[in-house]
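Participant: After the sequence you'll find the predicted model.
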Amino acid sequence: MKFLAAAGLLLLLPLVQNVIADTTLPARGEEVYPTTLRYLPSVFPEPIGPAEPFTNVTGVVDDHGMCQCSVYLPDTTFPVQKVENLEILAKQLSAKFDSELSKVRQYTQLIALYEEKILNVTVRIEHMEKSSITYTSLDFELVRLEITEMDRLITQLKTSLTGSNVFVEQLYVEIKNLSVMVNELERFDKNNILAVRREVASLRAKLQECEKDRNQTVKHPYFPPGNCGHGPIMNISQPYVIQLNWRGFSYKYGAWGTYSSPLNPGKQMYWVAPLNTDGRYLEYYRLHDSYDDLLLFKYSRQYQVLYGEGSGTAVYNNYMYYNVYGSRDMGKIDLATNKLELRKPLPNAVSNNRFSYAGVSWQDIDFAVDENGLWVIYSTEASQGNIVISRINETSLNVINTWQTKQYKPAVSSAFIICGVLYAIRPLNTRKEEIFYSFDTNTGKEGKLSIILDKVLETIQSIDYSPIDRRLYVYNDGYLVRYNLNFAPQQLV
């Protein structure tokens, strides 16, 4: 700061000399009077308030006749820090300006590029409007060609097989239905091409599986639905993924299946009942009148369930059976009206996740349907967690008969019943399960099996068997999966 004061004095020297030059010096010995100085030069900052017209300075004359006066500098410091901050701010503003200018140049180039793209798209659209063929119609033509090829293959397959084959006949009908569906989609809705292609891919997979079976030397015996004149399960097909459940990937728990009724075996209906994301509460379910409606998510009827729990749901004779939330009660809903027709406790059954399946919670009570009717799989405290099987009267929900097994239920990942025989599965790894245990209610005998069941994802939440088409309907981490079954002949048992 001393250097700044010295610099200020140097700046004042010319001013003082000018003042002295304009001042009339008094004679030697004369009385000294105040000297009047005019405004100082603009070297000093302007005062904030109004400037005073004059400044009086007292001076004296020395021995050499020179006038001397004292000038006092104000006690203020030069704002060096503020100047530095101002310089930094100026640099920052300059950098921001350069950055924004660069962005403007970049945006100008992008605008020119997009303008060119828009012109190209406009030319293509004008060409499509003038021509009679569009991308959508070409897509449908490709689908038609694929369906025609499959129709030719299935016709050749029918002629090469000796005798009647229900599976091939059903496949032939599905291909014909698919052709009709494509025509309807083209006429009314041109946004379902992907769904049609999924169906084409699934039918093609069926054809490959059928051709593979035809080339095998060992033929599996065929048993019509509803007929129990066969032995146990011999093997299971590869998983056939239908689609993700209608509520989405987050809804990993639930159940699904098809209509099961000996009174009306020709009726088609599919039901899907995903649980809420907590894996416990059953709140909504949907009904589809055909397989095509299920695939395309159309013409569905959605209903709400009051107080449903777990993935042990089953449908039989147009009624849905489920475990009532937080209890051992069985619920019966009329699918025609969505009305709770009956609620009754299952005697001695445990509840509230006491003895559920391995890896799947809140499935203490698991309903099952087979050729004989309605069943329930559960455990009791008296059985110490082992599986208990009861035959249920579907009208009154009364227990008809009960069997107790020696298989611990929490060691089983799921179970189902076919012709009065309980089959239990357990996980081998993240992609395979094993049917390892059976209990025949007809004879009261237990059995050990080793039949591999391939999985799409890690956890199987539920398995429902349909006696109408003799398939397993599996809910696998949110995906609807289906399996075909092959049975051993009766004489090999």
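Facilitator: That came through fine. Numbering: from 1, shown residues only.
Participant: so where's the stretch 51-200 of the chain shaky on pLDDT?
Facilitator: 51-57, 71-78, 107, 110-147, 149-172, 174-175, 177-179, 181-198 (pLDDT under 70).
Participant: partners of the one helix or strand residue 271 maps to, with directions?
Facilitator: Assigned by DSSP states H and E, residue 271 falls within strand 270-274. Strand 270-274 has the following sheet partners, assigned by DSSP bridges: strand 254-258 (antiparallel), strand 281-288 (antiparallel).
Participant: Residue 209: what's it in contact with?
Facilitator: 237-238 (C-beta atoms under 8 Å, 6 or more residues apart in numbering). (C-beta placed from N, C-alpha, C; glycine too.)
Participant: how close does it get to residue 68?
Facilitator: Distance, residue 209 to residue 68, by C-beta to C-beta, to the nearest Å: 120 Å.
Participant: Can you get me a residue count around residue 64?
Facilitator: 5 (other C-beta atoms under 10 Å).
Participant: So it lies in a helix, does it not?
Facilitator: No: counting by DSSP: H, G, I helix; E, B strand; the rest coil, one finds residue 64 to be coil, located in no helix.
Participant: so how far is residue 58 from it?
Facilitator: 19 Å.
Participant: And residue 253, by the same measure?
Facilitator: From residue 253 to residue 58 the distance is 102 Å (C-beta to C-beta).
Participant: Look at these two and report which has more neighbours.
Facilitator: Taking other C-beta under 10 Å, residue 253 and residue 58 do not tie; residue 253 has more neighbours (27 against 10).
Participant: I'd guessed residue 252 sits against residue 279; true?
Facilitator: Yes: Residue 252 is in contact with residue 279 according to C-beta atoms under 8 Å; the separation is 7.1 Å.
Participant: The two - which one has more neighbours?
Facilitator: Per other C-beta under 10 Å, whichever of residue 252 and residue 279 has more neighbours is residue 252, with 20 against 17.
Participant: if you go through the stretch 151-300 of the chain in chain order, where are the helices?
Facilitator: Ranges of helices in the stretch 151-300 of the chain, per DSSP state H, counting those that start in this stretch, are 166-188, 193-215, 291-296.
Participant: which strand is the longest one in this structure?
Facilitator: Counting by DSSP state E, the longest strand found in the chain is strand 301-316.
Participant: what's the angle from that one to strand 270-274?
Facilitator: Strand 301-316 and strand 270-274 are oriented at 100 degrees to each other (axes from the mean of the first three to the mean of the last three C-alpha atoms, to 10 degrees).
Participant: count of residues packed around the nearest residue to residue 383 once chain neighbours are set aside?
Facilitator: Residue nearest to residue 383 in three dimensions, not counting chain neighbours: residue 404, with 5.5 Å by C-beta to C-beta, 6 or more residues apart in numbering. By the criterion of other C-beta under 10 Å, residue 404 has 16 neighbours.
Participant: Next secondary structure element downstream of the strand or helix carrying residue 404?
Facilitator: According to DSSP H and E, residue 404 maps onto strand 399-408. Using DSSP H and E, the helix or strand that follows strand 399-408 in sequence is strand 414-418.
Participant: Check what contacts the next helix or strand after that next one and list those residues.
Facilitator: Next along the chain after strand 414-418, taking DSSP H and E as the criterion, comes strand 421-429. With contacts defined as C-beta under 8 Å, 6+ apart, strand 421-429 is touched by 232-233, 358-359, 377, 387, 389, 405, 407, 411-417, 433-442, 449, 452-453, 460, 463.
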